[in-house]
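Enquirer: My questions are about this predicted structure, shown below with the sequence.
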Amino acid sequence: MKKRKKELTFLDSTKNRTRVRNYFYISLLVLLVVDFFVHKHGHFSWEEAPVFFAVYGFISCVSLIFIAKVLRIVVKRKEDYYD
Amino acid sequence: MINSVPPAAIFIIGAFLIPFLRGRLKSAYMLLLPVLALINLLNMPKGKSCIIKFLDYNLILARVDNLSLVFGYIFVLITLIAVLYALHVKDDMQHMTAFCYAGGALGVTFAGDLFSLFVFWEILALSSVLLILARKKEASRAAAFRYFVWHFVGGVCLLGGIILYVQNRGTIEFDYIGLTDLASYLILAGFCLNAVVFPLHAWLPDAYPKATVTGAVFMSALTTKSAVYVLARTFPGADILIWAGAFMTCFPIFYAVIENDMRGVLAYSLINQVGFMVCGIGIGTPLAINGVTAHAFCHIIYKALLFMSVGSVLHMTGKIRATDLGGLYKTMPFTAICCIIGAASISGLPLTSGFISKSMTLTAVGLQDLPIIWFMLYFASAGVFHHAGIKVPYFTFFSDDSGIRTKEPPFNMCLAMGIAAFLCIFLGVYPKPLYDILPYPVDYIPYTAFHVLGMLQLLMFGALAFTLLILSGYYPAELRAVNLDTDWFVRLPGRAFVWFCKKPVIALMNFFDRSVLKGVGVARSLPAGSVACEKGVDKFYHVGLTSAPAVIYNWVNRLRIEAGYLPRNLMYILISFFCFLFVILLLGAIK
């Protein structure tokens, strides 16, 4: 058998996964803090509310998943449904 | 006199030389064609040229202005990248149809009159059918035929609209139409079918996942975006498109979340992205049209990049379902990086091409003071990051290790992905070359601290939601399943029609058949005579009358087999559509 090229296994260890996740959480915190130092010029009043986009993004994605779960109950059929 | 070559001609005529060439020469020739087309495009004079006299009309094959040029450039550029990606394919037929297809898109873009527009429109539709058929699987054949019928319906709508339009206004010029009469609504319907406007969108997630690996790259770029172009030219400022577009951005993301086929996810996110463009066309201000054009330009590149990277996975592993994939970053790191760049761009992450183009449309919505649309588009922006930005790379390249071990795709595929990925970043960092070619002068700065921060917050907290839901197990699991879409309303009645032909009609006819025979048979006294009579009656009724539905059914069935397993139900749409068209023409004539 041919010798296979070395694989990347960076994300196999739990330590690395946790580390990546922690960096991600820190970046979120930074985004929240920076929010208070930026000059805002939105077209709508709510755009200038503190951390509006963060809250809206989070709520959007959570509701997206839950609505999709409901949708799946309605539209899911077996793979050979049309055959 | 023809003073320059029509842009479409280079591709369509050039395509027919491909089978005569071999090896490196063929590769070089195929790469040369888009380059030639680009040089031709750069040298074309502004205004109308390549005019052909036809009956009393002038057919204009090259109407060059700022709007058509941007689309022309990107179509040629993506053809170059997609051809590079497809160089390893040995099937000449596929290369030829791909070039005809790209030629059709260029023809639509530069058509200056409705007749030539229609002809190129149909070339576009027919050649893309062949790109699906070229996969040579039964599922693809069926999907190709459904795709064909959808586009046939759209094409006939468009033709009906064009005929009425020419009759009403006495001109075949292809320019601003605006929603006024029946003709314009029919033309809009024809265009909207190609622009995947709900509920005429179901052909796209049905067909694209079943096309060939390389064909899907062409298809993701050309059909919908040429429709966006014609909409931007004919119906800018049509209010109905604002709502249609906003709805288009929202509903596919739910489907994308529960879709298992990775190219299916990309197909739904394509509808979502085209929704932004349709919405921008509906707004119709110079900023919005600039946004639409810039977004189409960037979208073509990053969507092709996504289709290329996911296609590479399909090419190398033969698998495309989320349930079969995972952990591929270990053996395909380059493809994974390209996919992540494409995913970042489609999400509109700052420093990628999606950010500098999508934010223009979003700003245009804000300026028009449309709060509900604004909320819908931002919801969709967060949603697209969720499914195309995270789901596609995560379930393909990361997630749990599926145990698949493979290697990077051939060099030409890697190179094509590399070029597209470079362009995504380049345009994101330095948007000036793109802004310079937009139809209207650009007075827009994408990189303000507020924009960047707002977008980053929206996306990163969307990602947080994904992370938390995955960790807690609330995220809907990937399942092998089919999700019903609006085509259900067409496919099921079609099936019912066939069942109706097969069962009740034939049963009824058989019943009559038997009673008649019985009646005649009783009247005769001689058994021999009665048998002969029965045979005669049987022959007359059975072959002549009762079997009519059976004959039609057999005929339909034969057609189905011959024409690549035509799903029977779609014959139903065809027939009813002809009736529909007939009624419309009558209505037009009465007027």
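Expert: Everything's here; your move. Numbers count the residues shown, from 1 in each chain, chains lettered A, B, ... in the order given.
Enquirer: From now on I want contacts and neighbour counts done on CA atoms only, so please keep to that.
Expert: Will do.
Enquirer: List of residues touching stretch B:74-91?
Expert: With Cα atoms under 8 Å, 6 or more residues apart in numbering or on different chains as the test, stretch B:74-91 has contacts from B:27, B:30-31, B:34-35, B:37-38, B:95, B:102, B:105-106, B:214, B:217-218, B:221-222, B:297, B:300-301, B:304, B:308, B:410, B:412-417, B:419-420.
Enquirer: From those residues, list just the buried residues.
Expert: Among the contacts of stretch B:74-91, those classed as buried by 16 or more other Cα atoms under 10 Å in any protein chain shown are B:27, B:30-31, B:34-35, B:37-38, B:95, B:102, B:105-106, B:214, B:217-218, B:221-222, B:297, B:300-301, B:304, B:308, B:412-414, B:416-417, B:420.
Enquirer: Can you list the residue ranges for strands in the chain?
Expert: Picked chain A for this. A:76-77 (DSSP state E).
Enquirer: switch to chain B, that's the one I care about
Expert: Using DSSP E, strands in chain B cover B:47-54, B:57-64, B:482-483.
Enquirer: so which of the ones you listed gets nearest A:Val34?
Expert: strand B:482-483 (42.0 Å; Cα to Cα).
Enquirer: Pull up the pairing partners for the closest one, direction included.
Expert: Here strand B:482-483 is paired, per DSSP bridges, with strand A:76-77 (antiparallel).
Enquirer: re earlier: generate TSV for the strands of chain B, with mean neighbour count and mean pLDDT as supplementary columns.
Expert: Formatted as TSV, these follow (neighbours: other Cα atoms under 10 Å in any protein chain shown; pLDDT from 0 to 100):
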stretch	mean neighbour count	mean pLDDT
strand B:47-54	14	78
strand B:57-64	22	83
strand B:482-483	20	80
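Enquirer: What residues does chain A have near chain B?
Expert: A:7-9, A:28, A:31-32, A:35, A:38-41, A:43-44, A:51, A:53-62, A:64-65, A:67-69, A:71-72, A:75-81 (Cα under 8 Å from any Cα of the partner chain).
Enquirer: Show the buried residues in the residues you listed.
Expert: A:28, A:31-32, A:35, A:40, A:51, A:53-54, A:56-62, A:64-65, A:68-69, A:72, A:76.
Enquirer: Of those residues, which belong to helices?
Expert: Per DSSP state H, helices hold the following members of those: A:28, A:31-32, A:53-54, A:56-62, A:64-65, A:68-69, A:72.
Enquirer: Chain neighbours aside, what residue packs nearest to the residue most central in space within chain A?
Expert: Centroid-nearest residue in chain A, with Cα atoms, centre = their mean: A:Cys61, separated by 7.6 Å. Once flanking residues are discounted, A:Cys61 sits nearest to B:Gly462: 5.4 Å by Cα to Cα, 6 or more residues apart in numbering or on different chains.
Enquirer: so the one you found makes contact with A:Phe58?
Expert: Yes. Here B:Gly462 reaches A:Phe58: they are 4.8 Å apart, a contact under Cα atoms under 8 Å.
Enquirer: so how many other residues sit close to the residue nearest to B:Ser27 when sequence neighbours are not counted?
Expert: With Cα to Cα, 6+ apart as the criterion, B:Ser27 has its nearest non-adjacent residue at 6.4 Å, and that residue is B:Leu87. Here the number of neighbours of B:Leu87 (other Cα atoms under 10 Å in any protein chain shown) works out to 21.
Enquirer: thinking again about what came up before, the contacts of stretch B:74-91 in helices, which ones?
Expert: B:27, B:30-31, B:34-35, B:37-38, B:95, B:102, B:105-106, B:214, B:217-218, B:221-222, B:297, B:300-301, B:304, B:308, B:412-417, B:419-420.
Enquirer: Quick check, pLDDT for the residue nearest to A:Cys61.
Expert: Note on B:Gly462: pLDDT of 88.
Enquirer: what number of residues lie near residue 15?
Expert: Picking chain A for this. A:Lys15 has 10 nearby residues by other Cα under 10 Å.
Enquirer: my bad, chain B
Expert: For B:Ala15, using other Cα under 10 Å, the count is 23.
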